[in-house]
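Undergrad: Test case, fold it:
(2 chains)
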Protein chains: 2
Amino acid sequence: MSLYPPLTQEILRELRTYLDESRVVTNAKELENVSFDQAAKSLYSQIPEVLVYPISTQEVASIVKLANVHRIPITARGAGSGLAGGAVPLHKGIVIAFDKMNRLLEIDKNNLTVTVEPGIITNKINEALESYGLYFAGYPMSLERCMIGGNIATNAGGGKAIKYGVTGRYIVGLEVVTATGEILTLGGKLFKNVTGYDLKQLFIGSEGTLGIITQATIQLTPLPKAASTMLVWFSQMKDAVQLVPEILTTLGITPTAIELIDQTAMKYVCEALNESFYRPLAQATLLIEVDGANQAVTNQQIQQIASLCERHGAIDVLVAADAPTRERMWKTRRSIAETLKQHSPEMSLEDMVLPIHAIPDYMPHVKRLEDMYEVSMPTYGHAGDGNLHTTLLKKASLTDAEWHALEAILLEELYTVVHQLGGKISGEHGIGIKRKSYFTAMADPAELTIMQAIKKTLDPNNILNPGKIFDLN
Amino acid sequence: MSLYPPLTQEILRELRTYLDESRVVTNAKELENVSFDQAAKSLYSQIPEVLVYPISTQEVASIVKLANVHRIPITARGAGSGLAGGAVPLHKGIVIAFDKMNRLLEIDKNNLTVTVEPGIITNKINEALESYGLYFAGYPMSLERCMIGGNIATNAGGGKAIKYGVTGRYIVGLEVVTATGEILTLGGKLFKNVTGYDLKQLFIGSEGTLGIITQATIQLTPLPKAASTMLVWFSQMKDAVQLVPEILTTLGITPTAIELIDQTAMKYVCEALNESFYRPLAQATLLIEVDGANQAVTNQQIQQIASLCERHGAIDVLVAADAPTRERMWKTRRSIAETLKQHSPEMSLEDMVLPIHAIPDYMPHVKRLEDMYEVSMPTYGHAGDGNLHTTLLKKASLTDAEWHALEAILLEELYTVVHQLGGKISGEHGIGIKRKSYFTAMADPAELTIMQAIKKTLDPNNILNPGKIFDLN
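TA: Sure, this is the predicted structure:
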């Protein structure tokens, strides 16, 4: 039995008075297309009752007001590139897709900001900025596909967080439609602001459960004029991880990226790409990059890091001598998720975040569980910020049902270890539906109660992306 | 008539069962000492009923629980260096001072974090970290005096925000006692985290109205090994401000600081210090600093910026050739607030934040009001992030009452201009009591309603620093 009333013909008619007929969609095929995201479709999908494509904030506000009156669930959807089922319309109702609200509204070079609608592809923002010598330094790995609205709704991270932080750092202004259909304009072209509570930051990362983002102003960063990149191989995971703080403290350098690939992940991806970077003796490979305003300086810095690696037990070091080699290194890193998915279409891409130095304590547990359950769980991610993507690959011999049962056991075990080591279960992908039961079981009850109270306060009828992050009773 | 019941002898007795007698203070002199902060005492002060000095989170939780049962107001107090009356116990009750919760709990070099109690002087954290090559890169200008708890409660900014951001960027873990006396542990030694709503960021900058900070874990940054500093003078404010985005876009350099001093402020401070940096023809002086891992690089960058300044109409450029000159430059900048205070003990230190490029549009309004009302309003601040400290100096000929009447007119005028230019009334000092009426009058009603609803949700009896930021009805 649904918690929500059905979406009536009357409501549909009302929606069509706000939006052109063509932007209020009820045909089965199109509804099916927005019933899932990149989390396992077999587990997380639901077909909405209607799909709407607003072209203005006012239209979004009208839709939400109507939905609030009739208590119809609304799920905002970007590119559907999310990894936690956050865009799945779990309780049906309305999906608001932002494909047609995708304008770049203003590049303001003098104020170092860009203002965009939520449906713009993240990388298109950077393409438009390139000639100004500026860019949005948030760097979700899916930036060629994802939309900025989704990045903001999940506070998306990525591979350059150690130097540049994550999406939320750069969102200085935000327009949000609340659950009651009011339009909030938060912040502005402002790089400091303590004028009242930081509501902007509360909406960022709230996965569409507190408000719907309809516009964002982003602080821009100088485009680095130079970068130097290297791969370095360690026989021991511990040596690789210990290097991370050493680079910052001993050398005083904050790299742009310190990416980590474990032995299994490296083997899979090098085989898939026919790439020569795999070293059978290396438990861990790091991809390290520095960037800056001057190539001579970044070259010198990467050499300093290379020397430090050698002193810290690296078994091999390869500094990219040219742009094609650099691109090969990054392609290797970027291709892991896809390689693992091809290897095992049924898989669970995880997203734990740990204190950096706890990574070597975490990894033996992955090995232990791999041995105990005879599964493969390649692990890679962002050593610079402790965010790891352990990926649970389905055993070919299991049925889907058997696999999902085993998956639940493995996640429970992994998350327990993560908690014991002072970590959290999601660094950048979010809770969505996929991690909801684990999150609510493991969260501090006082913290969870406050989150639920805020949700009830901001969305009294529980219409905004209901059933995500936590349930309300 | 007070909104709150009096603090009874019975409550005092109960407090003394939680804390040693010596840490429950009721003598008039000590209560008077915590009745004000750095906002004008003549306008903003109130003597509390009791002053307590907890030494543990558990003690704080006990005090808050008791206060919540009896509906007694609680005002948390750091060093009393706030500039908006935020630490004034407006409705009397209990002041919780953190002087005795001032331990540095752990330097974790491997995880690049430090964990501290709220009462530690901010600069002491950095002194303890120096030998590790690390520091807390938040940089409030009062860091030799202020406490980290206050920095977090106000999300303190400072002079290096263009490169390093403000306090909140670095607070990765936070322990908070809620209004009902529960202890929340948010985040951890984690550099990414999207596990539920970002409650941590909601408490940061909430000026003690949503919870009481009892512990913080701070992400550390490599201590720059080199810095280069310069002063540059412009006849036109506009030329000075236009330079800011040029440095980032044309040169691809993000300076550590781009500080702005207008003609009047420069004149006052150079006279007070007997310093030679005043140029009568310069409407604006910039202090620009770059830092990094290598002195040759920062020297080269400051020369690049110097050349750019000359091409952009600078009338004089002075690069600090040695450390003493660099310190003279910073001392000039740092001494402005104190100089102006000595010049006119009755004054109003403002804190507006604007889009950077709106500064040249803002400054003529300052001049207009100076002329119209025959007052002096020297202006200085952070050109790199648009945060300006226009300082209203009392006219000697006015009585205090006449001055406060005029001050209200001037603030109304200035804040109206700030709003029209897309700015906000506080960049880093906060709302406190001082800006409450302006904030509530100018805020978007929908935004204010949400802030008030969150306050009511988290602090149902309105005991935490009541009467700050906004009133509740």
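
Undergrad: packing partners for the biggest helix by length in chain A?
TA: The longest helix of chain A (DSSP state H) is helix A:400-420. Judged by 3 or more CB pairs under 8 Å, 6 or more residues apart in numbering or on different chains; DSSP states H and E, the packing partners of helix A:400-420 are strand A:347-349, helix A:359-373, strand A:387-393, helix A:436-442. For the C-beta atoms, the positions are set from N, CA and C on the backbone; glycine is no exception.

Undergrad: buried stuff in it?
TA: A:403, A:404, A:406, A:407, A:410, A:411, A:413, A:414, A:415, A:417, A:418 (16 or more other CB atoms under 10 Å in any protein chain shown).

Undergrad: Same list (these) but as a markdown table, adding pLDDT.
TA: Putting the buried residues of helix A:400-420 into a markdown table (pLDDT from 0 to 100) gives the following:
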| residue | pLDDT |
| --- | --- |
| A:403 | 95 |
| A:404 | 94 |
| A:406 | 97 |
| A:407 | 96 |
| A:410 | 98 |
| A:411 | 98 |
| A:413 | 98 |
| A:414 | 98 |
| A:415 | 98 |
| A:417 | 98 |
| A:418 | 98 |
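
Undergrad: Next, format these as TSV and append distance to residue A:71.
TA: What follows is those, written out as TSV (distance: CB to CB, whole Å):
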residue	distance to residue A:71
A:403	37
A:404	32
A:406	38
A:407	34
A:410	38
A:411	33
A:413	39
A:414	37
A:415	33
A:417	41
A:418	37
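
Undergrad: ok, these vs residue B:80, which is closest?
TA: Closest approach to residue B:80 among the buried residues of helix A:400-420 (CB to CB): residue A:418, at 40.9 Å.

Undergrad: Surely that closest one and residue A:426 touch.
TA: No. At 9.9 Å, residue A:418 does not count as touching residue A:426 under the criterion of CB atoms under 8 Å.

Undergrad: Just name the most buried of the helices and strands packed on helix A:400-420.
TA: Highest mean neighbour count among those (mean count of other CB atoms under 10 Å in any protein chain shown): strand A:387-393, with a mean of 25.

Undergrad: ok, back up a step: now the angle between helix A:359-373 and the longest helix of chain A, please.
TA: Counting by axes from the mean of the first three to the mean of the last three CA atoms, to 10 degrees, helix A:400-420 points 150 degrees away from the direction of helix A:359-373.

Undergrad: What strand or helix carries residue A:201?
TA: Secondary structure assigned from DSSP states H and E places residue A:201 in helix A:199-203.

Undergrad: Check which residues of that helix are buried.
TA: Those would be A:199, A:200, A:201, A:202, A:203, for helix A:199-203 by 16+ other CB under 10 Å.

Undergrad: Closest to chain B out of these?
TA: Distances from chain B to these, taken as CB to the nearest CB, are shortest for residue A:201 (4.2 Å).

Undergrad: For the closest one, which residues are in contact?
TA: Taking CB atoms under 8 Å, 6 or more residues apart in numbering or on different chains, we find residue A:201 in contact with A:168, B:198, B:201, B:202.

Undergrad: how many other residues sit next to the second one?
TA: Meaning residue B:198. Using other CB atoms under 10 Å in any protein chain shown, residue B:198 has 23 other residues around it.

Undergrad: I'd like to know how far it sits from residue B:432.
TA: Separation of residue B:198 from residue B:432 (CB to CB, to the nearest Å) stands at 24 Å.
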